[in-house]
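J.: here is my input, please return the structure:
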Amino acid sequence: MAQDDKGGHLRAMADALLQPGFVGTQAPDWLLRRIDEGLGGAVLFSRNIVGLDQVAALTAQLRERNPDVIVAVDEEAGDVTRFEAEHGSSRPGNFALGAVDDPQLTEAVARDLGRTLAAAGVTLDYAPDADVNSNPRNPVIGVRSFGADPHLVARHTVAWQRGLQAGGVAACIKHFPGHGDTSVDSHDDLPVVTATREQLEADALVPFRAAVAGGARAVMTGHLLVPALDPQDPGTVSRRIIEDLLRGELGFDGLVITDGIEMGAMAKRYGIAGATVRAIVAGADAICVGGGHADEGTAVLLRDALVEAVITGVLPEERLAEAAARVRAFAEWSAELRRLAAELPFAGDPLIGLTAARRAVRVTAGPATLPLAGPAHVVELAPEMNQAVDKHTAWGIARPLQVLVPGTSSLRLTDDAASDVGVAERILAAAAGRSLVVAVRDAQRHPWMVALLDELIKRREDVVVVEMGAAPYEEPVTVVSTFGGTRVSGQAAAELLAGRTVDELI
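T.: Numbers count the residues shown, from 1 in each chain. I've put the predicted structure just below:
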């Protein structure tokens, strides 16, 4: 093979492995050109999404260049939503579904999501999250997990995967070998999982084994150092974890995709190009490139780094070819999955998400009387969300409660505002003569929330706390738990407080 032909062949194989993000609600010229040159896919974020019709037109642009191009999205539903970031998800997240613990319901919710994504032209969803939330103070997983019981997480991971794929979109199980028992967010730095191999087998690995046995076709690696499995290399760049454990012991023969290669856990140690090469050497097949690196320069940088690694002998050409072949096979299968699902009748329930959210709500009895006697004063304590959650994603209970109970007033406070001198007195004055409802997210993870709640409850024991996270306030008070902050979770809680339901999303 001539040198130029050889270089072009390597570039085409390297391009096939990349799933870059981009900016804009239409496909940029560089992305279309790169697909012509062999780029394997692209990933959508909320910056690319205005509505379903617009996304369908965008993905059609990509598919004109390659009918089998992989169109991915990071859409977990729940708190991590790209399609519904503006108003909040119309489906509850994993933690709420785990609280209900009805795998048929989970499958129905996921199938409903799959049909929506497939209609928009998506072929791969970076979901579900199969992490076991064994650390309740985990800064990045929390309500993204189905729960703390590995067997519960396993049965719902399999149900969610089955439902999504029945809807026409390939599922991607994440974050292997398990991000649930961490205290560091891998967007920022490298988490270290201290569990023994025996503990991993009994906990974190259970859902992944179940998903593989249930027909998983894609698994996403976690940027995690797990010394019991590999004392040196994090999961995304560990041959022991990808080849020996995932492929060898678990028997997975599908597509291995990295978590965002630009995340701090990887980029701070290896740079994004170095991490990309290391991941493919270790056995990964595809590279997710999201975050702020949504440009042609980044995609070219990573492609060229892979080609150079082959030329210098760091990356065997056979490994590059193997990964490219897996991408092609997955792309063909996922495109066919979408086509076949579109041919099947679908009599879905447009309110399945709200139904699931209602079933998830739990009440811990306390001094307050429910439903509320009249208009309330609602205080929403808003923490800074982790980077997996779109910064602009709507959440809360004030808006739906104002619809259901006219005259309800509201206030939203961040850490700084909630710490102001006299804030408790001002809240109590605003709530005089009416019920006081305080909505929080993971109160026990935020000392400032606990401090303000403690102060309010000293003055008014009938405060109603609406916990919309995974680490609830633990003092003896009336608590309404939604197990997530989605639009439908807020509506379900508001309906309970108001004492009436409505047959529409509000």
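
J.: can you list the weak-confidence ranges in the stretch 1-150 of the chain?
T.: Where the stretch 1-150 of the chain drops to pLDDT under 70, the residues are 1-5.

J.: okay, G168: pLDDT?
T.: Residue-level confidence at G168 comes out at 97, pLDDT.

J.: grab the nearest non-local neighbour of it.
T.: A341 (2.9 Å; Cβ to Cβ, 6 or more residues apart in numbering). Every C-beta, even on glycine, is put in place using the N, C-alpha and C of the backbone.

J.: surely that neighbour is in a helix?
T.: Yes - applying DSSP: H, G, I helix; E, B strand; the rest coil, one finds A341 inside a helix.

J.: report the contact partners of it.
T.: Residues in contact with A341 (Cβ atoms under 8 Å, 6 or more residues apart in numbering) are 114-115, 118, 166-168.

J.: tell me which two in these are the farthest apart.
T.: Pairwise distances among those were taken by Cβ to Cβ; the largest, 10.3 Å, belongs to A118 and A166.

J.: who's more crowded, these two?
T.: Taking neighbours as other Cβ atoms under 10 Å, A118 and A166 compare with A118 leading, 22 against 18.

J.: in three-state terms, label the more buried one for me.
T.: Strictly by three-state DSSP, A118 counts as helix.

J.: gap between the nearest residue to it once chain neighbours are set aside and A130?
T.: Closest residue to A118 apart from its sequence neighbours, by Cβ to Cβ, 6+ apart: G168 at 3.4 Å. To A130, G168 is 21 Å away according to Cβ to Cβ, to the nearest Å.

J.: what do you get for G290?
T.: Taking Cβ to Cβ as the criterion, G290 is separated from A130 by 19 Å.

J.: ok, the two, which is more surrounded?
T.: Comparing G290 with A130 by other Cβ under 10 Å, the one with more neighbours is A130, at 35 against 20.

J.: give the contact list for the more buried one.
T.: Residues counted as contacts of A130 (Cβ under 8 Å, 6+ apart) are 153-154, 157, 173-176, 178, 207-208, 211.

J.: check contacts around the residue nearest to T482 when sequence neighbours are not counted.
T.: Leaving aside its chain neighbours, T482 sits nearest to S489 (4.0 Å; criterion: Cβ to Cβ, 6+ apart). Contact analysis of S489 by Cβ under 8 Å, 6+ apart lists 92, 96, 357, 360-361, 468, 482-483.

J.: out of the residues you listed, which is most surrounded?
T.: Highest neighbour count within these: P92, with 37 neighbours (other Cβ under 10 Å).

J.: hang on, it in a helix?
T.: No - P92 is assigned coil when assessed by three-state DSSP, not a helix.

J.: please report the distance of it from Q19.
T.: 27 Å.

J.: please apply the same query to V363.
T.: Distance, V363 to Q19, using Cβ to Cβ: 43 Å.

J.: and the two? which has more neighbours close in?
T.: Set V363 next to Q19 and count neighbours by other Cβ under 10 Å: Q19 wins out with 26 against 15.

J.: any idea which element the closest residue to V480 other than its chain neighbours lies in?
T.: Among residues not flanking V480 along the chain, V466 sits closest, at 4.7 Å (Cβ to Cβ, 6+ apart). V466 belongs to strand 464-467 when elements are defined using DSSP states H and E.

J.: could you do A309 as well?
T.: Going by DSSP H and E, A309 is part of helix 296-311.

J.: before we move on, what about A72?
T.: strand 70-73.

J.: give me the contact list for that strand.
T.: Residues from elsewhere that reach strand 70-73 (Cβ under 8 Å, 6+ apart): 19, 40-45, 59, 62-63, 82-83, 117, 121-126, 172, 286, 288, 327, 330-331, 334.

J.: let's see that with 7 Å instead.
T.: By Cβ atoms under 7 Å, 6 or more residues apart in numbering, the list of residues contacting strand 70-73 from outside reads 19, 40-44, 59, 62, 82, 117, 121-126, 331, 334.

J.: could you give the number of residues near the spatially closest residue to R65 that is not a sequence neighbour?
T.: Nearest residue to R65 in three dimensions, chain neighbours excluded: I35, at 4.2 Å (Cβ to Cβ, 6+ apart). I35: 21 surrounding residues under other Cβ under 10 Å.

J.: residues in contact with the strand or helix carrying I35?
T.: Following DSSP H and E, one finds I35 within helix 29-36. With contact meaning Cβ under 7 Å, 6+ apart, helix 29-36 is reached by 15, 22, 42, 61-62, 65-66, 69, 296, 299.

J.: ok, stretch 91-103 next?
T.: Taking Cβ under 7 Å, 6+ apart as the rule, stretch 91-103 contacts 76-79, 105-106, 109, 112-113, 128-129, 143-147, 152, 155-156, 159, 353, 356-357, 359-360, 362, 470, 482-484, 486, 488-489.

J.: okay, now the nearest residue to V143 once chain neighbours are set aside: neighbour count?
T.: Spatial nearest neighbour of V143, excluding adjacent residues (Cβ to Cβ, 6+ apart): F95 at 3.9 Å. Neighbour count of F95, defined by other Cβ under 10 Å: 27.

J.: how near is F95 to V219?
T.: Counting by Cβ to Cβ, the gap from F95 to V219 is 21 Å.
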